[in-house]
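K.L.:
when you get a sec, could you give me coordinates for this:
(2 chains)
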Amino acid sequence: MDLSYYHSLLLQPKRLDAFRRAIHQVVRPGDQVLDVGTGLGTYAMFAAEAGAAKIYAVDGDPVIHVATDLVRSNGLADRVECRRGWLPEVRPATPSDVVIFEDFVPGLVHPRTWRLYHELQATCARPDARWIPGRATLRLALAHSRDLLTLPAPGIHGLRWESLTPYLENLPRCGGRETETLLGEPVDGLTVVFHQPVADWPTGGRATLRASVAGSVNAIAMWHVLELAQGIALDNAPGRANASWGHMVIPLGESLAVAEGAAIDVDLRWSAAYDGQPSWLGWSVTHGDQTVRGNEFAGFPARQDDIAWGSPEVRPQPGPGLALVRDVIGLTNGSRTASEIAAALETRYPAYSPAALKRRVLDVLRAVRATAGDT
Amino acid sequence: MAAARGADHAEAYTWAMSHTTERPCARPDVVFRRLADDEWALFDPEANRVHALNLAAAIVWEHCDGSLDVAGIAETVRSSFTPPPSTIDDDVRAVLQRLTDEGLVTWT
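P.N.:
Now for the predicted structure:
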């Protein structure tokens, strides 16, 4: 991640102030704290300020080197230990009393989040650990979006575009700051309590939304409210200042004309993958006798073999790309340079020029280093 | 979900005899989509399972709307092929049996 992203977080005083107050409320003197995805180490340093005896600040991004500098220059290096890497490999030797994490997707429920918490609960946190945030609620609201993906005009560029329709109508996406008008009060869709085992987390939610004005509903807006600690919450409602995590819009495909006071039933359901982690999001939106359904699966460009690769039952065949990765890793033993690895593979991969093969080897090594975990 | 052949014939026929007047109806939450020119798939969000369909099975699925019985669907599939394969009736029965066994269709 570019450093400008982490710098931009410093320009969100409401977010930082809320986390600082929450950390001071939750962290007790002598605690061991784990700050997952620490970025610049800000929350780790807040935890030190709150009296934690030991703080592990973990990030897989090179930004951790900047965090290390900041920790040192703030005189906290004796208590804050910055570790570059991914969980669970870089987890502390002992489970922590407090876990801090904030890198949620706007829609809250996500396989990456599920996997991370699964690992945190199993190996990084004490059974009675305190979590910041402690819980998060996904809120839903009727919306009219001016930014839904729509088909190009018929015949534009001399081509037919209708085949795009199922993709566009089944693709939840991040909303813009000024592009959604809410047509009713938000309602809680589901709540995740982070100290509860991930197996007990909700995999869907239902809500009845009421239109506060007559209008054309073409999307359901959803966002999360993070409850950092008792009485400290961050709400990401569309258009709200400091809604740092943003919101999502679920397209309805066809607009629903609703009268003031009309009730619309929304049912969200994530399919559970082989190990319980959430996968495809499906939705059903009912207004009177009209029901609009959608599912991310229908908006995912794929053929059967692409889908099969997501299954633990498949017996994958190494194609050319995978074979190269395998060969690069097979030659990676600490004694060869990347150039030597590329040179050793030149006769096996004649389609690559020597320079292109060297770049590819470096790409493989970077990719493997950067994707070995869940944070 | 390729059509059953040979040894499955008797079982499929027996099964079909118990569904002569009923009409199959697709579960509304099951996602049907075309993946490529010759690939279709059903996604069952409850079971998180994907079922690959051939052309005949895809046509069967598209007509599981509660308006046609087995014979009506077989006739529709038959009219989609030129010339129609001789195994159409068996294929349709086998597909419907599989869809039923997987809980993807109900009967009305």
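
K.L.:
contact partners for A:W309?
P.N.:
Contact analysis of A:W309 by CB atoms under 8 Å, 6 or more residues apart in numbering or on different chains lists A:P316. In short, each C-beta sits where N, CA and C put it, glycine included.

K.L.:
10 Å instead, please
P.N.:
Contacts for A:W309 (CB atoms under 10 Å, 6 or more residues apart in numbering or on different chains) come out as A:302, A:316.

K.L.:
quick check: residues of chain B near chain A?
P.N.:
Chain B comes close to chain A at residues B:28-36, B:38-50, B:52-53, as judged by CB under 10 Å from any CB of the partner chain.

K.L.:
now, of the residues you listed, which are buried?
P.N.:
Listed as buried from the residues of chain B next to chain A are B:29-33, B:35, B:39-45, B:48, B:50, B:52-53; burial here means 16 or more other CB atoms under 10 Å in any protein chain shown.

K.L.:
ranges for the helices of chain B?
P.N.:
For chain B, the helices defined by DSSP state H occupy B:8-17, B:55-62, B:70-78, B:88-101.

K.L.:
want to throw those into CSV with mean neighbour count and distance to A:G85?
P.N.:
CSV is the format used below for these (neighbours: other CB atoms under 10 Å in any protein chain shown; distance: least, CB to CB, whole Å):
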stretch, mean neighbour count, distance to A:G85
helix B:8-17, 15, 53
helix B:55-62, 22, 47
helix B:70-78, 18, 56
helix B:88-101, 21, 47
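
K.L.:
for the stretch 251-375 of chain A, which segments count as helices?
P.N.:
Ranges of helices within the stretch 251-375 of chain A are A:304-308, A:320-331, A:338-345, A:354-370, based on DSSP state H, counting those that start in this stretch.

K.L.:
hmm, back to that, the buried ones among the residues of chain B next to chain A in strands, which ones?
P.N.:
Among those, the ones falling in strands (DSSP state E) are B:31-33, B:35, B:39-44, B:50, B:52-53.

K.L.:
reformat the residues you listed as a markdown table; add distance to A:G261.
P.N.:
Listed next are these as a markdown table, based on distance: CB to CB, whole Å:
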| residue | distance to A:G261 |
| --- | --- |
| B:V31 | 32 |
| B:F32 | 35 |
| B:R33 | 36 |
| B:L35 | 42 |
| B:E39 | 46 |
| B:W40 | 42 |
| B:A41 | 41 |
| B:L42 | 38 |
| B:F43 | 36 |
| B:D44 | 36 |
| B:V50 | 41 |
| B:A52 | 46 |
| B:L53 | 43 |
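
K.L.:
please identify which pair of those lies farthest apart.
P.N.:
Greatest spacing in those, by CB to CB: B:E39 and B:D44 (17.0 Å).

K.L.:
tell me the confidence at B:H9?
P.N.:
Among the per-residue scores, B:H9 holds a pLDDT of 61.

K.L.:
any idea which element the residue positioned nearest the centre of chain A lies in?
P.N.:
Of all residues in chain A, the one closest to the mean position by CA atoms, centre = their mean is A:V105, 3.7 Å from it. Here A:V105 sits in a region with no helix or strand, counting by DSSP states H and E.

K.L.:
ok, now which ones touch it?
P.N.:
With CB under 10 Å, 6+ apart, A:V105 has these contacts: A:111-113, A:174, A:224, A:245-246, A:248.

K.L.:
name the SS class of A:R15, please.
P.N.:
The three-state label given to A:R15 by DSSP: H, G, I helix; E, B strand; the rest coil is helix.

K.L.:
so what's the residue count around it?
P.N.:
By the measure other CB atoms under 10 Å in any protein chain shown, the count of residues near A:R15 is 19.

K.L.:
do the one 10 residues further on as well
P.N.:
Other residues lying near A:Q25 total 16 when counted by other CB under 10 Å.

K.L.:
surely it and A:G51 touch.
P.N.:
No - using CB atoms under 10 Å, A:Q25 is not in contact with A:G51, being 11.9 Å away.

K.L.:
ok, the closest residue to B:R33 other than its chain neighbours to A:G205 distance?
P.N.:
Ranked by CB to CB, 6 or more residues apart in numbering or on different chains and with sequence neighbours excluded, the top spatial neighbour of B:R33 is A:A298, at 5.0 Å. Separation of A:A298 from A:G205 (CB to CB, to the nearest Å): 21 Å.

K.L.:
cool, A:N170 as well?
P.N.:
Taken as CB to CB, the span from A:N170 to A:G205 is 19 Å.

K.L.:
of these two, who's got more company?
P.N.:
Taking neighbours as other CB under 10 Å, A:N170 and A:G205 compare with A:N170 leading, 24 against 20.

K.L.:
so that one: helix, strand or coil?
P.N.:
Of the three states, A:N170 takes coil under three-state DSSP.

K.L.:
buried set for stretch A:292-309?
P.N.:
By 16+ other CB under 10 Å, the buried positions in stretch A:292-309 come out as A:292-300, A:302, A:304, A:307.

K.L.:
A:V325 contacts A:Y349, doesn't it?
P.N.:
No - using CB under 10 Å, A:V325 makes no contact with A:Y349, being 11.8 Å away.

K.L.:
which positions in stretch A:357-367 come out as buried?
P.N.:
Quick answer for stretch A:357-367 (16+ other CB under 10 Å): A:357-358, A:360-361, A:364-365.

K.L.:
same question for stretch A:332-350.
P.N.:
The neighbour-count check on stretch A:332-350 (16+ other CB under 10 Å) flags A:338, A:341-342, A:345, A:349 as buried.

K.L.:
OK, now which residue of the stretch 51-200 of chain A is nearest to chain B?
P.N.:
A:P166 (6.3 Å; CB to the nearest CB).

K.L.:
so that residue lies in a helix, does it not?
P.N.:
Yes - in this structure, A:P166 lies within a helix as judged by three-state DSSP.

K.L.:
quick check: closest non-adjacent residue to it.
P.N.:
Taking CB to CB, 6+ apart, and ignoring the residues beside it in sequence, A:P166 has A:A298 as its nearest neighbour in space, at 5.3 Å.

K.L.:
from A:V285, how far off is the one you found?
P.N.:
From A:A298 to A:V285 the distance is 15 Å (CB to CB).

K.L.:
I'd say B:N48 and A:N295 touch.
P.N.:
No - under the criterion of CB under 10 Å, B:N48 is not in contact with A:N295, lying 11.4 Å apart.
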